[in-house]
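Peer 1: Structural data only, the sequence is not supplied:
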């Protein structure tokens, strides 16, 4: 994989112009921050790799190390931040909360939390 700052910027621009690219490719734990916007780091790297003539990348392409994609982005001057809460943390809260409220309240609460992520 060979990505450059320029290809990463082009990938971000592509994602901004085609929000459908985000479907099914959101990040559960980390965001790439650029111009006060948040992007899924793996998706950005994947699109940057494709721009440079490579293949689509998935998290599995980085083996056991989830830090490799972040290191590549940081090396190119981008900021990676941990989300305030991850999907997993929200699900855990939901499970705890679900013991005390009725089904309709559970569905509403969970749908609101997913929209925030």
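Peer 2: It's in. No experiment lies behind these values; they were computed from the predicted model shown.
Peer 1: Can you list the buried residues in stretch 52-67?
Peer 2: Under the neighbour-count criterion of 16 or more other CB atoms under 10 Å, stretch 52-67 has 52, 57, 62 buried. Using the backbone N, CA and C atoms, a C-beta is placed for each residue, glycine as well.
Peer 1: for those residues, which one is nearest residue 75?
Peer 2: Comparing the buried residues of stretch 52-67 against residue 75 with CB to CB places residue 62 closest, at 14.4 Å.
Peer 1: give me the number of residues near the closest residue in space to that closest one that isn't next to it in sequence?
Peer 2: Sequence neighbours aside, residue 68 is the residue nearest to residue 62 in space, at 4.6 Å (criterion: CB to CB, 6 or more residues apart in numbering). Counted by other CB atoms under 10 Å, the residues lying close to residue 68 total 14.
Peer 1: With secondary structure as extra columns, can I get the buried residues of stretch 52-67 in a markdown table?
Peer 2: Listed next are the buried residues of stretch 52-67 as a markdown table, based on DSSP: H, G, I helix; E, B strand; the rest coil:
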| residue | secondary structure |
| --- | --- |
| 52 | coil |
| 57 | coil |
| 62 | helix |
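Peer 1: residue ranges of the helices in the chain, please?
Peer 2: 5-17, 41-51, 67-75, 87-97, 103-116 (DSSP state H).
Peer 1: between the ones you listed, which gets the lowest average pLDDT?
Peer 2: Across the helices of the chain, helix 103-116 has the smallest mean pLDDT, namely a mean of 62.
Peer 1: Residue 15: which of the buried residues of stretch 52-67 is nearest?
Peer 2: When the buried residues of stretch 52-67 are compared against residue 15 (criterion: CB to CB), the nearest one is residue 57, at 14.1 Å.
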